[in-house]
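S.K.: Quick one, fold the following:
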Amino acid sequence: MHAEATSEKLAMGYFLAGKVSAVIGTHTHIPTADARIIDNYTAYITDVGMTGSFDSVLGREKHQIIERFITNMPVRFNLAHSDIRLQAVTIQIDENTGKASSIERREYREDAQHNRG
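M.R.: Residues are numbered from 1 along each chain as shown. The predicted model follows:
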């Protein structure tokens, strides 16, 4: 679910609990530490995180974003290219019942020796 407010995503998680296998939130690009199974059925996390440069502001070159904030003038936001990461979750789902039994946060980096999971 793509939404700004954490409350919207959590409310949707509770609303869909028992009806869907998972509700995975996105939008803020910052992973949350609230992965859980709701009502012993639905895997949930408020925000899975992002894919892109962590040496950035939401994947864009930092200095350009800072310039925009300071000057309030239009600035082109180029993609940043260093410290690339992918954040995700792994969910175990019973294929017969559709019930999720686990959800785990994952992070993968360009430099494979730093991968966590």
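S.K.: Give the other helices and strands that the helix or strand of the chain with the lowest mean pLDDT contacts.
M.R.: Least confident helix or strand of the chain, by mean pLDDT, DSSP states H and E, is strand 51-53 with a mean of 93. On a contact count with 3 or more Cβ pairs under 8 Å, 6 or more residues apart in numbering; DSSP states H and E, strand 51-53 meets strand 84-93. Every C-beta, even on glycine, is put in place using the N, C-alpha and C of the backbone.
S.K.: what's the angle from the very next helix or strand once past the strand it packs on to strand 84-93?
M.R.: The element immediately downstream of strand 84-93 (helix or strand, assigned by DSSP states H and E) is strand 100-109. Strand 100-109 and strand 84-93 are oriented at 170 degrees to each other (axes from the mean of the first three to the mean of the last three Cα atoms, to 10 degrees).
S.K.: Could you tell me which residues within strand 100-109 count as buried?
M.R.: The neighbour-count check on strand 100-109 (16 or more other Cβ atoms under 10 Å) flags 100, 103, 105, 108 as buried.
S.K.: Then stretch 78-86?
M.R.: Result for stretch 78-86 [16+ other Cβ under 10 Å]: buried residues 80, 84, 85.
S.K.: what about it, how long is it end to end?
M.R.: Distance across stretch 78-86, first residue to last, is 19 Å (Cα to Cα, to the nearest Å).
S.K.: what's it in contact with?
M.R.: Stretch 78-86 has contacts (Cβ atoms under 8 Å, 6 or more residues apart in numbering) with 50-56, 59-62, 64, 107-110.
S.K.: what do you get if the cut-off is 6 Å, keeping everything else the same?
M.R.: By Cβ atoms under 6 Å, 6 or more residues apart in numbering, the residues outside stretch 78-86 that reach it are 51, 53, 54, 55, 56, 61, 107, 108, 109, 110.
S.K.: returning to that earlier point: looking at the buried residues of strand 100-109, which one is closest to residue 32?
M.R.: When the buried residues of strand 100-109 are compared for distance to residue 32 (Cβ to Cβ), residue 105 comes out closest, at 8.9 Å.
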